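A.B. asks: the sequence isn't on hand, but the structure is:
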């Protein structure tokens, strides 16, 4: 269980003073949720599955006109419920692996925390930086080409934190168990869509290393910053024709370099509580993972799950409305795993400071 009950995930980058922290925590939990209707929820789910879907196609699936679809997307973006449109890049095809590093701080001031988080945000090989409430204070996802580079990155983080770092843990990300989804916000959550099933199928296949040229790398940089950018504008930025740009994007998707065009949603605007949960499972095997994947697919509040190696075997993300709902979901997980669950750790996801899929370290890499 989390040791602190603090506000849900926030998008802002402010660091409140000690005197303000308690008031911020209490008021944030009482903030009225942004009001959205069923059409907005369907739009968010569809955009999260495929951020490049056209407004016309989006409108047809939701039952509204293209103009109304455009208006709703702009309103959701203006109100910061939609934070960004990103491109999910498969690190493995570029010769990299992902790792989750968990940091527990000690004897630190708000200034120390700000300094550490700013360093992690600016590091060229970090993809995700998250402030937590629980046994761990910060989660960060890093990528590295080999164990030597990983050691350098971990040493850089350790040395920068200095005496403010009490301990850290590191796990290897192996593969997806459940692709990120927002089905839980729908009145009647749907099963995994074909696009999500395709991602999971690709995870089970052997991925070949892909050599990219300068144009491919520039294209990935552009679409990683705005996945919804029209082909014509992407082409202008990479100095190719629209047709040539479109062919390159299709090729990168076919090769598995581009896995998905996804929308980043700030669920705190809907007063959602987000938790990272780490599971240690006895007798783990491919057969057991298949059973776990099937079970998780029936639980819409489990919005993401991945296989990891380290002190735990799986990391999952749970999105819910109340602490009581979180407890109920944890109970369901315990009942499913039964004697196989050795232990479970969790942390409240408080504030997301960085989420990218093509960090600057990859942009600067040359073969």
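C.D. replies: All right, it came through fine. The model shown is predicted, which means the values in this text are computed figures rather than measured ones. Residues are numbered from 1 along each chain as shown.
A.B. asks: with adjacent residues omitted, what lies nearest to residue 170?
C.D. replies: Spatially, and ignoring its direct neighbours in sequence, residue 170 is nearest to residue 101 (5.2 Å; C-beta to C-beta, 6 or more residues apart in numbering). The C-beta positions use only the backbone N, C-alpha and C, and glycine is treated the same way.
A.B. asks: doesn't that neighbour belong to a strand?
C.D. replies: Yes: secondary structure of residue 101 (DSSP: H, G, I helix; E, B strand; the rest coil): part of a strand.
A.B. asks: for it, give its distance to residue 323.
C.D. replies: Here the distance between residue 101 and residue 323 works out to 27 Å (C-beta to C-beta, to the nearest Å).
A.B. asks: follow-up on the earlier one: what about the residue nearest to residue 170, how many residues nearby?
C.D. replies: Burial of residue 101 is recorded as 21 neighbouring residues (other C-beta atoms under 10 Å).
A.B. asks: tell me what it is bridged to.
C.D. replies: Beta-bridge partners for residue 101, by DSSP bridges, are residue 140, residue 170.
A.B. asks: okay, now the unreliable bits of the stretch 251-367 of the chain?
C.D. replies: Residue ranges of the stretch 251-367 of the chain with pLDDT under 70: 364-367.
A.B. asks: switch the cut-off to 50
C.D. replies: Residue ranges of the stretch 251-367 of the chain with pLDDT under 50: 367.
A.B. asks: for it, just list every one of the strands.
C.D. replies: Assigned by DSSP state E, counting those that start in this stretch, the strands in the stretch 251-367 of the chain fall at 258-265, 273-281, 302-309, 314-320, 341-355.
A.B. asks: who are the packing partners of the longest one?
C.D. replies: Right, strand 341-355. When contacts are defined as 3 or more C-beta pairs under 8 Å, 6 or more residues apart in numbering; DSSP states H and E, strand 341-355 sits against helix 110-122, strand 126-134, strand 273-281, helix 323-337.
A.B. asks: so which of those comes closest to residue 213?
C.D. replies: strand 126-134 (23.0 Å; C-beta to C-beta).
A.B. asks: by contact count, what packs against that closest one?
C.D. replies: Strand 126-134 packs on helix 110-122, strand 138-144, strand 341-355, going by 3+ C-beta pairs under 8 Å, 6+ apart.
A.B. asks: which of those is buried the deepest?
C.D. replies: For these, the largest average neighbour count (mean count of other C-beta atoms under 10 Å) is found in strand 138-144, namely a mean of 23.
A.B. asks: and it with strand 126-134, angle?
C.D. replies: 160 degrees (axes from the mean of the first three to the mean of the last three C-alpha atoms, to 10 degrees).
A.B. asks: buried residues in the helix or strand following strand 138-144, which are they?
C.D. replies: Toward the C-terminus, strand 138-144 is succeeded by helix 147-161 as the next helix or strand (DSSP states H and E). Buried positions in helix 147-161, judged by neighbour count with 16 or more other C-beta atoms under 10 Å: 149-150, 153-154, 157, 161.
A.B. asks: what's the closest of the residues you listed to residue 308?
C.D. replies: For those, the nearest to residue 308 is residue 150 (14.7 Å; C-beta to C-beta).
A.B. asks: secondary structure element for residue 39?
C.D. replies: Element membership of residue 39 [criterion: DSSP H and E] is helix 38-49.
A.B. asks: just checking, what packs against the very next helix or strand once past that helix?
C.D. replies: Next along the chain after helix 38-49, taking DSSP H and E as the criterion, comes helix 55-62. On a contact count with 3+ C-beta pairs under 8 Å, 6+ apart, helix 55-62 meets helix 38-49, helix 66-78.
A.B. asks: re earlier: so for residue 90, which of the helices and strands packed on strand 341-355 sits nearest?
C.D. replies: That would be, of the helices and strands packed on strand 341-355 and by C-beta to C-beta, strand 126-134, which comes in at 12.4 Å.
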